[in-house]
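1. Here's my sequence, what's the structure:
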Amino acid sequence: MAELDGTDAALLQALNSHPAHGAVVVRVVRDRDGAVRDFVIERATAAAARLLGPGLDPGVPISRLAGGRGRELLPELTRLLTEGGWAHLRLAPGTDPAEQRVDVDVMGVGDRVVCLLDPGATRPLALQERGFRALVESAVDVIEVIDPSGVIRYVSPGGRAILGYPPERLLGRHFRAKIDPRDVALVQEAFERTLAAQPGEVVEAEFRVRHGEDEFRWVHARGSNHLQTPGIHAVVVNWRDVTVPLELRSRLEYAATHDALTGLANRTLFVDHLELALAAAARHAGSRVAVLFCDLDRFKMVNDSLGHPAGDALLRQVGRRLHEAVRPGDTVARLGGDEFALLCPELVDYVHAHGLAERIMAALEGPYRLEGIPQELLVGTSVGVALSTYPPQSAEQLLQEADTALYEAKRRGRNRVELFSGRLRDSVTDRLGLETDLRRALENGQLVVQYQPKLDLHENRVFSAEALVRWDHPEHGLLLPSAFLPLAEETGLLSPIGEWVLRTAAAQVAAWAHHGLDMSIQINFSNQELNDPGMLTLMEETLAGCAIDPVKLEVDITERAAAADLARTIETVHTVRARGSHVALDDFGTGYCSLTWLQQIPVDTVKLDQTFILRLGEHPASTAIVESVLRLSDALGLITVAEGVETAAQLEQLRDLGCDSAQGFYVGRPMWADDLEKAMT
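-> This next block holds a predicted model:
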């Protein structure tokens, strides 16, 4: 025979202890949502049938008992099932309401309710002491009886597991003896509310009880006032151990409000703290709240070169440094990626906020040592600062202002602090409007191309032209590339604009050829376009589609574009030249390149920057540099182009020095394709 569990053994003991009184055990029936729907009879003694009449068969729903007795019982059974404890009822026997009612003691035990019936006018002590004690002491929940002075009269044996010692030690002592000192005031207040409660009213509380000498357990307690209940005259408390679910809830709440990688607050918690800080600042005219957004400069390079584990280790170190650098009471959060936020309440003005931002930058710029990485890492940081007004703006607006300031700090060169201001807001608004207009410019045909002629100094004829994109803005007129290409690069529009320029310029070369004009074209490539594999395919398809000899297309790359990824630049230049097009190194002498790069990058042409041409013949150093570059280029078999030629004297001196070709206002300003064609014919 299978061994009975504690509750079943206690039930049998209770039933067998009262053959004359009778007992009924019912089990709860729930709906899909877990709500109590009914109870069914599980077992009933013969004495119970004699006292309450027929119909107490196993499986019969309580709600269907004759005479409405079941419906009378349902609310009390449901309460006992959810709250625990016991109750005393008087039920009519059989179906005749005139018959003498039967006293019934009712107690909830797990998912069952036990009813012990007394046939007489009195309720013998044995009915409680023997039957209920057997049930109470087998229950998982702890049952405690406390007199009005707070002295414990009874604690069920289930308390041993929670308390870590025999519960008998508490008998005769005040209930505070078992409470963790941190929660004594809370429990005392709950006990006083229970003393004042009405019969049937339940007072709930969660608190910690001592477990052994040094530990504690969380319990959920439900107290009820039984001072007027015969045989009890005390406060009855049911409590159970909820340490595990509370710890789980605590971990879930922590995970919902903290960043898993750094342990810092996440955006949700940061916004909550910000809203509280702004509410406090609204009550004090001199108090202001600062929000600092911090972004690590070029963090992607760490992930790409050293791997994501190294990047994660760096972010953890950055989080620790930020936490150590701020004041007590400040909040540090990781918003995602390499972006952090600081909330600094009770500041006075932007001077104090700027000083705090400078301290943050200094704390982050020091070298970082990462496990498994031999070299030290130096990190630059861009910081955007926004300060609340009085009365304060909303949390969302202050966050937006800090983000705007951070964007400006990164746009202006990174590794700097930028403070939000009305001027900055207007500037960003203008830029956002310009960005929206730029996105529509391609669709609406507002981009145009002008062509600046290039003169062959040996044959004294125009043989080529540089394609220069312009934006014919409906309100601002004709905008030069410097007014919109940096924005296009930031917003990801540079590639589609470059693709459009390539197709337009190639089509123009084909049109000139159709009119008998033999011209080649130069197109400037940014570092994005230069390192875009799809651009090479596009070049090939475009040239084939326009039936243009690839030699008629020259790709101009700047030193800055070449320096972005030298290895890839060399590979791209090789590919372009292998397909028949030429490559020119633009603005030579002003950027990152040394003369030795001319040996590494297999270009066809070197274009001398106009800064050297401007002082040609007037400044010995400029003349010497131009002469040296021309001689070196000749030795390397490179074609030379002088940019920015504005006078006849400059042109003649370049011809005398052996320069191959020239560009500039003296040769010809950028012009429309039709005007260039007319000028050449």
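
2. quick check, distance from stretch 384-396 to the centre of its chain.
-> Distance of stretch 384-396 from the chain centroid (CA atoms, centre = their mean, to the nearest Å) equals 21 Å.

3. again with stretch 214-223
-> Remark: stretch 214-223 is offset 35 Å from the chain centroid, using CA atoms, centre = their mean.

4. Now do the buried residues in that stretch.
-> Buried positions in stretch 214-223, judged by neighbour count with 16 or more other CB atoms under 10 Å: F216, R217, W218, V219, H220, A221, R222, G223. Every residue, glycine included, has its C-beta placed from N, CA and C.

5. List the contacts of the last one.
-> The reference is to G223. G223 makes contact with A190, F191, T194, A197, V202, V203, E204, A205, V235, V236, V237, N238 under the criterion CB atoms under 8 Å, 6 or more residues apart in numbering.

6. How about the secondary structure of the third one?
-> This means T194. helix (DSSP: H, G, I helix; E, B strand; the rest coil).

7. just checking, it touches N225?
-> Yes - counting by CB atoms under 8 Å, T194 touches N225, with 5.7 Å between them.

8. tell me, what's touching those two both at once?
-> Shared contacts of T194 and N225, counting by CB under 8 Å, 6+ apart, come down to V235.

9. what's the burial count for I497?
-> Residues lying near I497 (other CB atoms under 10 Å) number 22.

10. Actually, E475.
-> Neighbours of E475 (other CB under 10 Å): 6.

11. part of a strand, is it?
-> No - assigned with three-state DSSP, E475 falls outside any strand and is coil.

12. State the pLDDT value of it.
-> E475 is assigned a pLDDT of 87 by the prediction.

13. list the contacts for E339?
-> F293, C294, D295.

14. Now do the helices in the stretch 351-500 of the chain.
-> With helices called from DSSP state H, counting those that start in this stretch, the stretch 351-500 of the chain shows them at 395-411, 422-443, 485-490, 494-514.

15. E618: which of those helices is closest?
-> Closest of these to E618 is helix 485-490, at 31.8 Å (criterion: CB to CB).

16. what's the spacing between the closest one and its chain's center?
-> Distance of helix 485-490 from the chain centroid (CA atoms, centre = their mean) equals 27 Å.

17. Could you do stretch 474-485 as well?
-> With CA atoms, centre = their mean, you get 37 Å for stretch 474-485.

18. Pull out the buried residues from it.
-> L479, F484, L485.

19. Now tabulate the residues you listed in JSON lines and tack on distance to L116.
-> Converted to JSON lines, the buried residues of stretch 474-485 look like this (distance: CB to CB, whole Å):
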{"residue": "L479", "distance to L116": "94"}
{"residue": "F484", "distance to L116": "89"}
{"residue": "L485", "distance to L116": "90"}
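
20. From L517, how far off is H258?
-> Distance of H258 to L517, given as CB to CB, to the nearest Å: 69 Å.

21. what number of residues lie near A567?
-> What A567 shows, counting by other CB under 10 Å, is a neighbour count of 8.

22. and it, what helix or strand is that in?
-> Here A567, judged by DSSP states H and E, is contained in helix 566-578.

23. tell me which residues in that helix are buried?
-> By neighbour count on 16+ other CB under 10 Å, the buried set for helix 566-578 is T569, T572, V573, V576, R577.

24. What sits closest to V462 if chain neighbours are left out?
-> P453 (4.4 Å; CB to CB, 6 or more residues apart in numbering).

25. swap in R414?
-> Sequence neighbours aside, D297 is the residue nearest to R414 in space, at 4.5 Å (criterion: CB to CB, 6+ apart).

26. Surely that neighbour touches V379?
-> Yes - counting by CB under 8 Å, V379 is a contact partner of D297 at 7.2 Å.

27. which of the two has more neighbours?
-> V379 (21 against 17).

28. Verify the contact between that one and M361 for me.
-> No - the pair V379 and M361 does not pass the contact test of CB under 8 Å, sitting 9.9 Å apart.

29. And the contacts of the helix holding A567?
-> Contacts for helix 566-578 (CB under 8 Å, 6+ apart): 530-531, 536, 539, 555, 557, 561-562, 583, 600-604.

30. Around R470, how many other residues sit close by?
-> R470 has 19 neighbours, counted by other CB under 10 Å.

31. And the pLDDT at it?
-> For R470, pLDDT reads 94.

32. go on, S464?
-> Predicted confidence (pLDDT) for S464: 95.

33. Pairing partners for it in the sheet, please.
-> K454, S520 (DSSP bridges).

34. in the helix or strand hosting E76, what counts as buried?
-> Using DSSP H and E, E76 falls within helix 69-83. For helix 69-83, a neighbour-count test (16+ other CB under 10 Å) marks R69, G70, L73, L74, E76, L77, T78, R79, L80, L81, E83 as buried.

35. Helix, strand, or coil at the closest residue to P61 other than its chain neighbours?
-> Take P61 and drop its neighbours on the chain: the residue closest to it by CB to CB, 6+ apart is D38, 4.9 Å away. What three-state DSSP gives for D38 is strand.

36. Could you do the one 5 residues further on as well?
-> When the structure is split into helix, strand and coil by three-state DSSP, R43 lands in strand.

37. hang on, the earlier thing: and of the buried residues of stretch 474-485, the nearest to V289?
-> Using CB to CB, the buried residues of stretch 474-485 come closest to V289 at F484, 36.7 Å.
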